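[1] Structure, please.
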Amino acid sequence: MDTKKLYEIWLEKATADPDLKAELESVKDNEDEIFDRFYRSLEFGTAGLRGVIGAGTNRMNYYTVCRATQGLADFLNKHFENPSIAIGYDSRIKSDYFSRECAKVLAANKIKVYLYKELQPTPCLSFAIRHFKTSSGIILTASHNPAKYNGYKCYNSNGYQMTDEEAAETYEFIQNVDYFTGIKSMDFDEAVNSGLIEYMGDEVIDAFLDEVVKQCVNPGICEKADLKVIYTPLNGTGNKPVRKILERIGVKDVYVVAEQEMPDGNFPTCPFPNPEIKQAFECALKMAEEIKPDLLLATDPDCDRVGIAVLDKNGEYKLMSGNEVGAMLLNYLLSQKKDKGTLSSESIAVKSFVSTDLAEVIAKKYNCTFKNLLTGFKYIGELITQLEAQGKAEEFVMGFEESYGYLAGTHARDKDAVVASMLICEMAAYYKTQGKSLAQVMDDIYDEFGYYFNTVASYTFEGASGMEKMAAIMEDLRMEMPCHFAGLEVTVADDYKTSVSANIANHTESEIELPKSNVLAYTLTGGNKIIVRPSGTEPKIKAYITAIGETKEQAKEIADALLAEADELMK
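    Numbering: from 1, shown residues only. Modelled structure (predicted):
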């Protein structure tokens, strides 16, 4: 349908949320704005929905969220006799409102809803699904995106995000729902009184924390080390659970960044609430000048990712990458489990295939089985579920992604910054008792295994033309495979969309035994790598660079050259 016609329909019928009417009126003479809001509907995929909050089919609002929920309800009623669902939400603008409206839609479809009574981290939603044995789960969050975004992530009964097949079928149901006539709903209080909506109590969070604390490998070490920590929840959901778990393990000196302590979806001190970037640490770094902590922690708004900064040899606080923290945590857990005799011959660790290969080298040292999976923590969740079915869940050591997501334990099937914050503090305390900072520990790892320089370049392509440009770039790479990057020959070319791995040196091909995905990976001379993939949640193509050298300087020189090549590819 013509975007102008759609606009007129919405202007007339979008009355459920008064904010929408006023917003539509404000753009009535702006053709570009109208087009961008209506040229497409937000797509529902394995990451659910994500978009700018506002009026239109290409925005996050009452109608797009409730239409998706109605489609999900139809999917659940088809596949489950008495379906149920858990719902959580973060601090983002309208997250609490959307969560209640979703609950009303599901209740109207006779689906039992377990609703968190206040904002909670994403891993708590994953835990609740398994705790109540629900058929599905929803969390309203846009992770680390800027304040203008919100999102809707959907989980299956195993506690991880929907599989491709589940999401595709749900999307079919969603597409059959009319925005204005197809959505069922009922009074919220009536649904509560009838038992269709039930608030989850504090005992659920306590049970979650009980499972998290079981992942300690050196109980009591934090008290002995007298660890001092600055923590920022970045105005998100981590404030209560992270502080509670640190108190449980004996971290007494926790200083919280006051400006970023309380929930606030506007993120006033940090427009990009992303623990990957230095800006997220600016307030914490200012506090550190006086407090001089051992460690700075920052969790993103839905508390599924955590970043850290540590003192380096120059007495300055250095931000550590997700790859470095993942490698350090793996090395710590494996070394401690080996020393305590709890590392078995069937122990297994896992990472996304775009994350540092250093982890695989560390696992090999400890004879730990290692797996590389597609990007997306649901694949790690699937692996844990398979291990559980085989009676081997206790063999799972940890999983991680370079984008600052980590999980130890099987209490959740998504990345968990609560357990990660706990283990990072425990690790820092353990090495502090040995007179080492985490920066020194990382240097020791590089000295032993070689310097792995990992970096990610993101290229943004906004709007309809941007989507076309992204598709063209990926197609061009497939049509004309590069033979070299920055003077380094391509030795293996992997196309995860066609599931073909081409060994250039041997002139052979093999099948990639992972789900199909729009990703191209090139292994280069010396084990260096470049991986290209469109983001599943943002209008971006990402280039993941691995450069290996004997020193940081040598590895960085290779990385810089590969990044320059990536820049050319994205023009």
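
[2] Now Gln279: phi and psi?
    The phi/psi pair for Gln279 (degrees, to the nearest 10) reads phi -60, psi -30.

[3] Please apply the same query to Phe267.
    Main-chain torsions, Phe267, degrees, to the nearest 10: phi 40, psi 60.

[4] Where in the protein is the helix or strand with the lowest mean pLDDT?
    helix 463-479 (a mean of 87; mean pLDDT, DSSP states H and E).

[5] Pairing partners for the helix or strand following it, with directions?
    Next in sequence after helix 463-479, counting helices and strands by DSSP states H and E, comes strand 484-485. Neighbouring strands of strand 484-485 in its sheet, by DSSP bridges, are strand 488-495 (antiparallel).

[6] Give the next helix or strand downstream of the strand it pairs with.
    By DSSP H and E, the next helix or strand past strand 488-495 is strand 500-503.

[7] other SSEs contacting that next one?
    If contacts are counted by 3 or more CB pairs under 8 Å, 6 or more residues apart in numbering; DSSP states H and E, strand 500-503 sits against strand 488-495, strand 508-511. (C-beta placed from N, C-alpha, C; glycine too.)

[8] Need the winner for burial among these.
    Per-stretch averages of neighbours, counted by mean count of other CB atoms under 10 Å, single out strand 488-495 among those, with a mean of 18.

[9] Any chance you could list what contacts that strand?
    478, 481-484, 500-505, 512, 519-526, 528, 558, 562 (CB atoms under 8 Å, 6 or more residues apart in numbering).

[10] So what's the gap between it and the chain middle?
    Centroid separation for strand 488-495 versus its chain: 28 Å, with CA atoms, centre = their mean, to the nearest Å.

[11] repeat for stretch 88-95
    16 Å.

[12] same deal with stretch 551-558?
    Distance, stretch centre to chain centre, for stretch 551-558: 29 Å (CA atoms, centre = their mean).

[13] Buried residues in that stretch, which are they?
    Buried residues in stretch 551-558, counting neighbours by 16 or more other CB atoms under 10 Å, are found at Ala555, Ile558.

[14] May I have it as PDB, with CA atoms only?
    Only the C-alpha atoms of stretch 551-558 are listed here, as PDB (Å, rounded to 0.1, in the frame of the first residue of the first chain):
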ATOM      1  CA  THR A 551      53.900  -8.400  19.800                       C
ATOM      2  CA  LYS A 552      51.000  -5.900  20.100                       C
ATOM      3  CA  GLU A 553      52.700  -3.600  17.700                       C
ATOM      4  CA  GLN A 554      53.100  -6.300  15.100                       C
ATOM      5  CA  ALA A 555      49.500  -7.500  15.400                       C
ATOM      6  CA  LYS A 556      48.100  -4.000  15.300                       C
ATOM      7  CA  GLU A 557      50.000  -3.200  12.100                       C
ATOM      8  CA  ILE A 558      48.400  -6.200  10.500                       C
END
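
[15] which residues touch the nearest residue to Asn454 once chain neighbours are set aside?
    Excluding its sequence neighbours, the residue lying closest to Asn454 (CB to CB, 6 or more residues apart in numbering) is Asn323, at 4.5 Å. For Asn323, the contact set (CB under 8 Å, 6+ apart) comprises Ser355, Thr356, Leu358, Ala359, Glu402, Tyr452, Asn454.

[16] next one: Glu289
    With contact set as CB under 8 Å, 6+ apart, Glu289 has no partners.

[17] Locate it within the secondary structure: which element?
    helix 282-291.

[18] helices or strands up against the very next helix or strand once past that helix?
    Proceeding C-terminally, helix 282-291 gives way to strand 295-299 as the next helix or strand, assigned by DSSP H and E. Helices and strands touching strand 295-299, by 3+ CB pairs under 8 Å, 6+ apart, are strand 228-232, helix 282-291, strand 306-311, helix 417-432.

[19] could I get the ones you listed as TSV with distance to Thr170 and mean pLDDT?
    Listed next are those as TSV, based on distance: least, CB to CB, whole Å; pLDDT from 0 to 100:
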stretch	distance to Thr170	mean pLDDT
strand 228-232	35	98
helix 282-291	40	96
strand 306-311	30	96
helix 417-432	27	98
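
[20] all helices of the stretch 1-150 of the chain, in order?
    Taking DSSP state H, counting those that start in this stretch as the test, the helices found in the stretch 1-150 of the chain are 3-13, 18-26, 31-38, 62-79, 95-108, 122-132.

[21] Now stretch 372-392: buried residues?
    If you call a residue buried by 16+ other CB under 10 Å, then stretch 372-392 has these buried ones: 373-385, 387.

[22] Ala168: which of the residues you listed is nearest?
    Nearest to Ala168 among the buried residues of stretch 372-392: Lys378, at 14.1 Å, using CB to CB.

[23] I figured the closest one hits Ala47, correct?
    No - proximity of Lys378 to Ala47 does not meet the contact threshold set by CB atoms under 8 Å, at 9.3 Å.

[24] which neighbours do those two share?
    With CB under 8 Å, 6+ apart, Lys378 and Ala47 have common neighbours Gln161.

[25] Let's see stretch 411-426 as CSV, backbone CA atoms only.
    The C-alpha coordinates for stretch 411-426 follow below in CSV (Å, rounded to 0.1, in the frame of the first residue of the first chain):
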residue,chain,number,x,y,z
HIS,A,411,20.5,-21.3,35.1
ALA,A,412,19.9,-19.0,32.0
ARG,A,413,20.2,-19.7,28.3
ASP,A,414,21.2,-16.2,27.4
LYS,A,415,24.2,-14.0,28.2
ASP,A,416,24.2,-12.9,31.8
ALA,A,417,26.0,-9.9,33.1
VAL,A,418,25.1,-10.8,36.7
VAL,A,419,27.1,-14.0,36.7
ALA,A,420,29.8,-12.4,34.6
SER,A,421,30.1,-9.5,37.0
MET,A,422,30.4,-11.9,39.9
LEU,A,423,33.1,-14.0,38.2
ILE,A,424,35.1,-11.0,37.0
CYS,A,425,35.2,-9.7,40.6
GLU,A,426,36.2,-13.1,41.9
